[in-house]
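In: need a structure here:
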Amino acid sequence: MTTITIELSEPLFEKLQRAARLTKQPVEMLVEQSLAVSLPPLLEDVPAEYQKDVFPLLKMDVADLQQEVQRVFPPERWRRYETLLEKKRETGLTEAERDELVALRREADVLTLRKGYAAVLLKRRGYHVPAPEQLPLAQ
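Out: Now for the predicted structure:
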């Protein structure tokens, strides 16, 4: 454990003390838990091959992040992805089709990671984010 000293306004400290009493926890534990959930997500938690795709979200404003959360995988790309998966199971793919499937998978992965990361950033900034099952996947 590391010890730090911080200055808090009197109203904030009183609120912290009340919350600690209500939850029957030491003030220190409540502060630690609050910090743990409110710190920004670290880019290093994102797989290295996707960091350059996710990094720009850190600079986005709220409106752009909300748009990002609502993005969907284009229906024609989704149909192509499913077609290639089915063909892979049934007859196998050509090298070009394998490359296309890999590219489509990466595109879907990037979309999913960006949506998730945007949702985390919005939540951290105090905005409501719909549950994942309420978000559109495709059109």
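
In: in stretch 78-87, what's buried?
Out: 78, 81, 84 (16 or more other C-beta atoms under 10 Å). Placement of C-beta: from N, CA and C, glycine included.

In: which ones among these are found in helices?
Out: Those of the buried residues of stretch 78-87 mapping onto helices are 78, 81, 84, per DSSP state H.

In: may I see those organised as CSV, with pLDDT added?
Out: Formatted as CSV, these follow (pLDDT from 0 to 100):
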residue, pLDDT
78, 94
81, 96
84, 97
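
In: show me what the worst-scoring helix or strand of the chain on mean pLDDT is packed against.
Out: One helix or strand of the chain scores below all others by mean pLDDT, DSSP states H and E: helix 27-38, with a mean of 84. Contact partners of helix 27-38 among helices and strands, from 3 or more C-beta pairs under 8 Å, 6 or more residues apart in numbering; DSSP states H and E: helix 10-23.

In: for the helix it packs on, give me every contacting residue.
Out: The contact list for helix 10-23 (C-beta atoms under 8 Å, 6 or more residues apart in numbering) reads 8, 26, 27, 29, 30, 31.

In: quick one: that helix to helix 27-38, angle?
Out: Relative orientation of helix 10-23 with respect to helix 27-38: 100 degrees, computed using axes from the mean of the first three to the mean of the last three C-alpha atoms, to 10 degrees.

In: check which residues of stretch 104-119 are buried.
Out: So for stretch 104-119, counting by 16+ other C-beta under 10 Å, buried means 104, 108, 111, 113, 114, 115, 116, 117, 118, 119.
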